[in-house]
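*Asks:* When you get a sec, could you give me coordinates for this:
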Amino acid sequence: MKSKFLITARRVASAALLLAAFLAPSAVSVQAQEEGVPRVIDEVIAQVNADVITLSMLRKDMAEAAEALQQQRGWTAQQANEEIAKRRAEIIATLVNEQLLVQKGKEMGMNEDVEAEVNRRMLDVAKRENLKSLALLEQAMRESKIDPAAVRATMRTEIMKTWVLGREVDQKIFYGLTDSEVKSYYEANKEKFRKPESVVLSEIFLSTVGKDPKEVRERADKLAAQLRAGADFGALAMVQSEREVEGKRTAPENKGKLGTYSMNDITKEDIANALKNVKAGGVSNPIETEGGIIILRVDERTPAGEAVFDDNQVREAITVTRMEKERKTYLENLRRDAYIEIAKDYQADVLPLLKVEPQKSASTTTPAAAPKKDDKKKSEANGNKKP
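*Replies:* Residues are numbered from 1 along each chain as shown. Just a heads-up that it's a prediction; the model follows:
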């Protein structure tokens, strides 16, 4: 069970918001620190109201970001670390924004709801792993060298950030739009609201891992020729397709069926081009993808429809177009109203990103204590407002 759980926990499945979305690369292994690396005394590099960001927090995020680059781009550890070192100031600025959003969420009373959501997602993972309780899930995580407390903390932060921005920014855009704004946007952007062309697809996947790519390509060409000559796609897929999930071939059960896809959502140009002129019942030319070659069959093809006005859909589209700018403004306002102090050694790089001025109390090494809100109010009431 240990190895099976580790594989599942590391898999990214964002659509279902599985636990793996938080394990790679956000969670911390209980054996994260390499043996033989000398310990460095921690230091505060930033203060955000009553909370602090430490050097160890920064190093953790940098290490995780470097690991992600290695996995996503196939870089060496040295290449990834050098690239992440260039982004150090950006990572510190991100940590500051994160602290502000978490603080805002607590201020809004989200703690209990967030904790309930964390438990719900953990329970979902437990069910998928056929584990009957959270205690058994956490035991399996520890056996796989994954710290449950660290995973929970990461999930807690991510959910809090998402909820705060959703309620404070996205919902306000969505519900703040007037009927005339919505209708005007629809009339000016009707193409966005046409029902897109869709296809129902099946596949035969041939793996190139550990094989001669030329031989796999020749095999794919022969299969494509057989299919065009009238061979049964499902029957061939059951025997030939090598797609696996958790070490088990899927084709014997689903005959290679993939599902229904909007052509707008098929963003890989080589796949979109391969499907462009394939009619229902036809097959594509073999397509080289990461780890293998695929042959796609268009089981059904539904043409695009006329534009249809849907108030919610139009509001969502407008919200998406405005969201980035409004979220940026919201964070700028949070920073403006907060006490943010960056240690002197980091100020030159970080302050311009945050667009805040250095606090007058800044020391040469670590930030000073933030003034309490009550003290600030008393001072202002006595006519001692900060200039």
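*Asks:* now the strands for the stretch 251-387 of the chain?
*Replies:* 257-262, 287-289, 292-302, 340-342 (DSSP state E, counting those that start in this stretch).
*Asks:* Could you list the domains of the protein?
*Replies:* 1-194+308-387, 195-302 (automatic domain parsing).
*Asks:* now these in CSV, with mean neighbour count?
*Replies:* All C-beta spots, glycine's among them, are computed from the backbone N, C-alpha and C. Listed next are the domains of the chain as CSV, based on neighbours: other Cβ atoms under 10 Å:
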stretch, mean neighbour count
domain 1-194+308-387, 15
domain 195-302, 15
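*Asks:* hey, least reliable of those domains by pLDDT?
*Replies:* Of all these, mean pLDDT reaches its minimum on domain 1-194+308-387 (a mean of 81).
*Asks:* List phi and psi for residue 304.
*Replies:* phi -60, psi 150 (degrees, to the nearest 10).
*Asks:* What's the separation between the closest residue to it other than its chain neighbours and residue 260?
*Replies:* Leaving aside its chain neighbours, residue 304 sits nearest to residue 197 (4.5 Å; criterion: Cβ to Cβ, 6 or more residues apart in numbering). Look at residue 197 and residue 260: by Cβ to Cβ, to the nearest Å, they are 11 Å apart.
*Asks:* same deal with residue 323?
*Replies:* Look at residue 323 and residue 260: by Cβ to Cβ, they are 28 Å apart.
*Asks:* Break down the stretch 101-250 of the chain into its helices, ranges please.
*Replies:* Here the stretch 101-250 of the chain has its helices, by DSSP state H, counting those that start in this stretch, at 111-128, 134-143, 148-165, 171-176, 179-188, 213-228, 233-240.
*Asks:* tilt between the last one and strand 257-262?
*Replies:* Right, the one you point to is helix 233-240. 120 degrees (axes from the mean of the first three to the mean of the last three Cα atoms, to 10 degrees).
*Asks:* And for the third one?
*Replies:* Taking the same axes, to 10 degrees, helix 148-165 and strand 257-262 form an angle of 30 degrees between their directions.
*Asks:* which other helices and strands contact the lengthiest helix in the chain?
*Replies:* If you go by DSSP state H, the chain has its longest helix at helix 311-337. Here helix 311-337 touches helix 88-107, helix 171-176, helix 179-188, going by 3 or more Cβ pairs under 8 Å, 6 or more residues apart in numbering; DSSP states H and E.
*Asks:* I'd like to know which of those is closest to residue 51.
*Replies:* helix 88-107 (5.2 Å; Cβ to Cβ).
*Asks:* Residue 137 against residue 125, yeah?
*Replies:* Yes: contact criterion Cβ atoms under 8 Å: residue 137 and residue 125 qualify, at 6.3 Å.
*Asks:* if we can go back for a sec, using TSV, lay out the helices and strands packed on helix 311-337 together with distance to residue 317.
*Replies:* What follows is the helices and strands packed on helix 311-337, written out as TSV (distance: least, Cβ to Cβ, whole Å):
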stretch	distance to residue 317
helix 88-107	25
helix 171-176	10
helix 179-188	7
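*Asks:* Pull the distance from stretch 92-107 to the chain's centre.
*Replies:* 18 Å (Cα atoms, centre = their mean, to the nearest Å).
*Asks:* Need the contact partners of it.
*Replies:* For stretch 92-107, contacts defined as Cβ atoms under 8 Å, 6 or more residues apart in numbering pick out 45-46, 48-49, 51, 53, 57-58, 61, 111, 114, 157, 160-161, 163-165, 168, 331, 334-335, 338, 340, 342, 346, 349-350, 353-354.
*Asks:* Recalculate using a threshold of 6 Å.
*Replies:* 46, 48, 51, 53, 157, 160-161, 164, 331, 334, 338, 350, 353-354 (Cβ atoms under 6 Å, 6 or more residues apart in numbering).
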